[in-house]
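**Student:** Structure for the following, please:
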Amino acid sequence: MLMRSAVAALALAFAMPAVAQETAPAAETQVETLPDISVGAEDAPLTVVEYASFTCGHCAAFHNDNWEKLKTEYVDTGKVKFIQRDIYFDQVGLWAGILARCGGDDKYYAVSDMLFEEQSEWLAGNSGEEVAANLRRIGLKAGMTEDQMTACWDDSAKAEQLVATFQKNAGADGIEATPTFMIGGEKVMNQPWDDLKKVIDAKLAEAGE
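**Tutor:** Sure, this is the predicted structure:
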């Protein structure tokens, strides 16, 4: 299980200049969790949830190779409602997750796309300062301001909410690796697109689609 203590330890592992050091909420503190951000028809017959980390190479590969197929064939056609849930295995992943949310829910998936598509570039920094600068460049391309990004990274309360949300969802679904999918409530490990497609089609058939 993804434990709060492990996240707290990881959060202190890589110092980032000029950005607040987010730590996991204390066990005794009740932190409000955040709602999912979905794409696709709310009344779609099937919901697909992807648990992903912005620092996960396999997650970037799924996004770059398969996301457009999933979106075109299932999301855009009203068959699937898609939800991405961020996992924070490390401090850098949390910084990226904060940036993805910084522009508001409407920009979440657009920023997420950029983070996965440019993962190798922004992760190439050799220090927290370099990674911060790389992430800021992505934020600027997404239309955010320097002050806006700094305010988001300095918002420790939001960071606590993000960590609490990740822990609650990942714990409930027994997530131990990324990417992992919940397809119609069934946990499905990462696999080639053709195999994932078979699972999606089978679940849609069960739903009468």
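**Student:** CA atoms for contacts and neighbours, from now on please.
**Tutor:** OK.
**Student:** Check this structure for its longest helix and report it.
**Tutor:** With secondary structure taken from DSSP state H, the chain has its longest helix at helix 156-173.
**Student:** packing partners for that one?
**Tutor:** Counting contacts by 3 or more CA pairs under 8 Å, 6 or more residues apart in numbering; DSSP states H and E, helix 156-173 packs against helix 91-102.
**Student:** List the buried residues for the next helix or strand after the helix it packs on?
**Tutor:** Proceeding N to C from helix 91-102, the next assigned helix or strand is helix 105-117, under DSSP states H and E. The neighbour-count check on helix 105-117 (16 or more other CA atoms under 10 Å) flags 108-109, 111-113, 115-116 as buried.
**Student:** what residues does stretch 45-64 touch?
**Tutor:** Contacts to stretch 45-64, defined as CA atoms under 8 Å, 6 or more residues apart in numbering, come from residues 79-89, 92-93, 96-97, 112-113, 115-117, 119, 123, 170, 175, 178-185, 203-204, 207, 209.
**Student:** Please list all residues in contact with the residue most central in space within the chain.
**Tutor:** The centroid of the chain falls nearest to D86 when counting by CA atoms, centre = their mean (2.6 Å). Residues in contact with D86 (CA under 8 Å, 6+ apart) are 51-54, 97, 166.
**Student:** and which of the residues you listed is nearest to D43?
**Tutor:** Nearest to D43, judged by CA to CA, of the contacts of D86 is Y51 at 21.2 Å.
**Student:** In three-state terms, how would the closest one be classified?
**Tutor:** Three-state call for Y51 (DSSP: H, G, I helix; E, B strand; the rest coil): strand.
**Student:** residues near it, how many?
**Tutor:** As a burial measure, Y51 scores 23 neighbours (other CA atoms under 10 Å).
**Student:** is it true that N126 lies in a strand?
**Tutor:** No. Applying three-state DSSP, one finds N126 to be coil, outside a strand.
**Student:** Please work out how many residues are found near it.
**Tutor:** Neighbour count for N126, taken as other CA under 10 Å: 8.
**Student:** Turn the buried residues of helix 105-117 into JSON lines, including distance to K69.
**Tutor:** Formatted as JSON lines, the buried residues of helix 105-117 follow (distance: CA to CA, whole Å):
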{"residue": "Y108", "distance to K69": "19"}
{"residue": "Y109", "distance to K69": "16"}
{"residue": "V111", "distance to K69": "19"}
{"residue": "S112", "distance to K69": "17"}
{"residue": "D113", "distance to K69": "14"}
{"residue": "L115", "distance to K69": "19"}
{"residue": "F116", "distance to K69": "16"}
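**Student:** got the CA positions of the longest helix of the chain in CSV?
**Tutor:** In CSV, the C-alpha atoms belonging to helix 156-173 read as follows (Å, rounded to 0.1, in the frame of the first residue of the first chain):
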residue,chain,number,x,y,z
SER,A,156,0.8,23.9,1.0
ALA,A,157,-2.9,23.4,1.8
LYS,A,158,-3.5,22.4,-1.8
ALA,A,159,-0.4,20.1,-1.8
GLU,A,160,-1.8,18.4,1.2
GLN,A,161,-5.2,17.9,-0.5
LEU,A,162,-3.5,16.4,-3.6
VAL,A,163,-1.5,14.0,-1.4
ALA,A,164,-4.6,13.0,0.6
THR,A,165,-6.6,12.5,-2.6
PHE,A,166,-3.9,10.3,-4.1
GLN,A,167,-3.6,8.2,-0.9
LYS,A,168,-7.4,7.8,-0.5
ASN,A,169,-8.0,6.7,-4.1
ALA,A,170,-4.9,4.6,-4.5
GLY,A,171,-5.4,2.9,-1.2
ALA,A,172,-9.1,2.1,-2.0
ASP,A,173,-8.1,0.6,-5.4
